[in-house]
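**Student:** have a look at this prediction, sequence included:
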Amino acid sequence: MVALEGPPVSGPLLRVSRLVTHQRGPFDLSIDAGECVSLRGPSGSGKSLLLRAIADLDPHQGEVWLDGVPCEQIPAPQWRRQVALLPVESQWWQDKVGAHFPDEDCPWLIPLGFDETALGWQVSRLSSGEKQRLALARALMNRPRVLLLDEPTASLDEISAAALEAVVADYRHAAGAAVLWVSHSAAQAARVASRHYQLTPQGVREGKP
Amino acid sequence: MITLSVFDLSLAALLVLILAALSWHMRLGLERSLLIAALRTVVQLSLIGLVLKTVFATTGVLWVALMAVVMLAAAGYEVMARQQRRLKGWWGYGLGTGAMFISSFAVTVLALFTMIGNQPWYEPQYAIPLLGMMLGNTMSGIALALDRLTQTAWQQRAVIEQRLMLGQTRFDAIDEIRREAMRSGMMHIINAMAAAGIVSLPGMMTGQILAGAPPMEAVKYQILIMFLITAGTGFGVTTALWLASRRLFDERHRLRLDVLSAPRQ
């Protein structure tokens, strides 16, 4: 992982300006270090597309900055390690869970409700809820500075959802990370985030949860 | 050498006709493509027989070159036509053709200059059949490998993108798919080498023996040809897969399946 050296830049950790993707937008938003912002909007309004564009997975117009550095100045794989996207449905391509982790030392397994043996589990036996929580642990292994969470508790029960919310909050405080949290629930948005964005056909509007 | 009469060929053709009738009777749906392919064999091989007769008689380098270009163009078309999801635009044709040009032509010219070493090196009686065998096998390998690569990339797009999201490079993200495609492109030639002489008597060697060549001479030629085919196929498939898997991503390591056309029905 490459840390960005240099004098601290005042201003948001993540800034999105005039971003247009798949004929949607332009979108503008910004998130400070250590801040969690919720993003809500009707299905099909382009929340996932916006997240994909910020992670630079789709061609787009407009600018995205991380700590004042424009996206295109950072090699794409490094960008995605620092701006981590957690998609609604995670993918697993090896037989064992642990083969998807860079090393055995994952401090988030226990807070997420697993024991140490989880890395030895067969992927084919995971429930969708287990996959969702393990996908967060896997994404955090890159120590990202920005987390883009796409309905991260969609297939979780209340207890697991609370555990995941706590892990994200802890990581955000400890690492000073910026979090953009897509949620369908106003209650969850109010619980996890301090500012709230609404996605409309005209762009991103700040408002109530 | 025993020459075959029209009657001999008609007997063999009758077997194919019976097979087609059986397919029709059992509703296997194969009879149409079977008969068309059989007819194509007769027409194409007869035509090429006439062409070879003419080319062999001339021994002009231009005629040989022209013949080689026509063969390459046809092989390139076959590679493209066998793709379910081909690369859009010029790439669909150019990629397979280019890879075959690099591998088949290079290996054939090398063999003609060094191993066979006849005078002149482009003598059509050697150059054309050799190139034909190279192109035929390289074509199958490249067609299989490219089809496997694009199909698997399409089916596993979510996995590829997940790996990109985790910060893998485009090379790492498609590495396993490319390896699988490489395997499917090379498998037939590796199997052919492994089975040669035990399970199967290779066609060229059989042909030489039928034509009256001493078996050991035929065997030496067959070994040479198989090694050449293996090298040509291997280099061709490697080149084609490298180019195609690069083409599937852009410079920001994004998976760009929009470079592929919709599958044919």
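**Tutor:** It's in. Numbers count the residues shown, from 1 in each chain, chains lettered A, B, ... in the order given.
**Student:** pLDDT wise, what is the most centrally placed residue in chain A at?
**Tutor:** Centrality entry for chain A: nearest residue to the mean C-alpha point is A:Leu148, 2.1 Å, by C-alpha atoms, centre = their mean. For A:Leu148, the model assigns a pLDDT of 98.
**Student:** quick one: the helices in chain A, in order.
**Tutor:** Per DSSP state H, chain A carries helices over the ranges A:47-54, A:76-82, A:128-140, A:158-175, A:186-192.
**Student:** residue ranges with poor pLDDT in the chain?
**Tutor:** No chain in the question, so chain A it is. Counting by pLDDT under 70, chain A has low-confidence residues at A:1-10.
**Student:** my question was about chain B, not that one.
**Tutor:** By pLDDT under 70, the weakly predicted segments of chain B are B:1, B:265.
**Student:** and it, which residues reach chain A?
**Tutor:** B:156, B:158-159, B:161-169, B:176, B:250, B:252-255 (C-beta under 8 Å from any C-beta of the partner chain). Just so you know, the C-beta spots here come from the backbone N, C-alpha and C atoms, and that holds for glycine as well.
**Student:** residues in contact with B:Phe56?
**Tutor:** Residues near B:Phe56 by C-beta atoms under 8 Å, 6 or more residues apart in numbering or on different chains: B:124-125.
**Student:** quick one: buried residues of the helix or strand where it lies?
**Tutor:** Using DSSP states H and E, B:Phe56 falls within helix B:31-58. Neighbour counts over helix B:31-58 (16 or more other C-beta atoms under 10 Å in any protein chain shown) mark B:31, B:34-35, B:38, B:52, B:55 as buried.
**Student:** likewise stretch B:8-25?
**Tutor:** Within stretch B:8-25, the residues scored as buried using 16+ other C-beta under 10 Å are B:19-20, B:23.
**Student:** and A:Asp67, what are its phi and psi?
**Tutor:** Per-residue torsions, A:Asp67: phi 50, psi 40 (degrees, to the nearest 10).
**Student:** burial of it, as a residue count?
**Tutor:** 18 (other C-beta atoms under 10 Å in any protein chain shown).
**Student:** before we move on, the earlier item: ok, the residue nearest to the centre of chain A - contacts?
**Tutor:** A:51, A:54-55, A:83-86, A:180.
**Student:** tell me how far it lies from A:Thr117.
**Tutor:** Distance of A:Leu148 to A:Thr117, computed by C-beta to C-beta, to the nearest Å: 30 Å.
**Student:** that older thread, rebuild the buried residues of stretch B:8-25 as JSON lines, extending it with secondary structure and distance to B:Tyr126.
**Tutor:** Formatted as JSON lines, the buried residues of stretch B:8-25 follow (DSSP: H, G, I helix; E, B strand; the rest coil; distance: C-beta to C-beta, whole Å):
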{"residue": "B:Leu19", "secondary structure": "helix", "distance to B:Tyr126": "35"}
{"residue": "B:Ala20", "secondary structure": "helix", "distance to B:Tyr126": "37"}
{"residue": "B:Ser23", "secondary structure": "helix", "distance to B:Tyr126": "39"}
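**Student:** can you tell me which of those residues is closest to A:Ser38?
**Tutor:** B:Ser23 (62.8 Å; C-beta to C-beta).
**Student:** does the closest one touch B:Gly29 like I think?
**Tutor:** Yes - using C-beta atoms under 8 Å, B:Ser23 is in contact with B:Gly29, at 7.3 Å.
**Student:** name the nearest residue to A:Pro201, ignoring sequence neighbours.
**Tutor:** Residue nearest to A:Pro201 in three dimensions, not counting chain neighbours: A:Ser45, with 7.3 Å by C-beta to C-beta, 6 or more residues apart in numbering or on different chains.
**Student:** I'd like the helices of chain A as a markdown table, with mean neighbour count appended.
**Tutor:** Converted to a markdown table, the helices of chain A look like this (neighbours: other C-beta atoms under 10 Å in any protein chain shown):
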| stretch | mean neighbour count |
| --- | --- |
| helix A:47-54 | 23 |
| helix A:76-82 | 21 |
| helix A:128-140 | 21 |
| helix A:158-175 | 16 |
| helix A:186-192 | 17 |
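**Student:** so which of the ones you listed comes closest to chain B?
**Tutor:** Comparing the helices of chain A by their distance to chain B (C-beta to the nearest C-beta), the top pick is helix A:76-82, with 3.4 Å.
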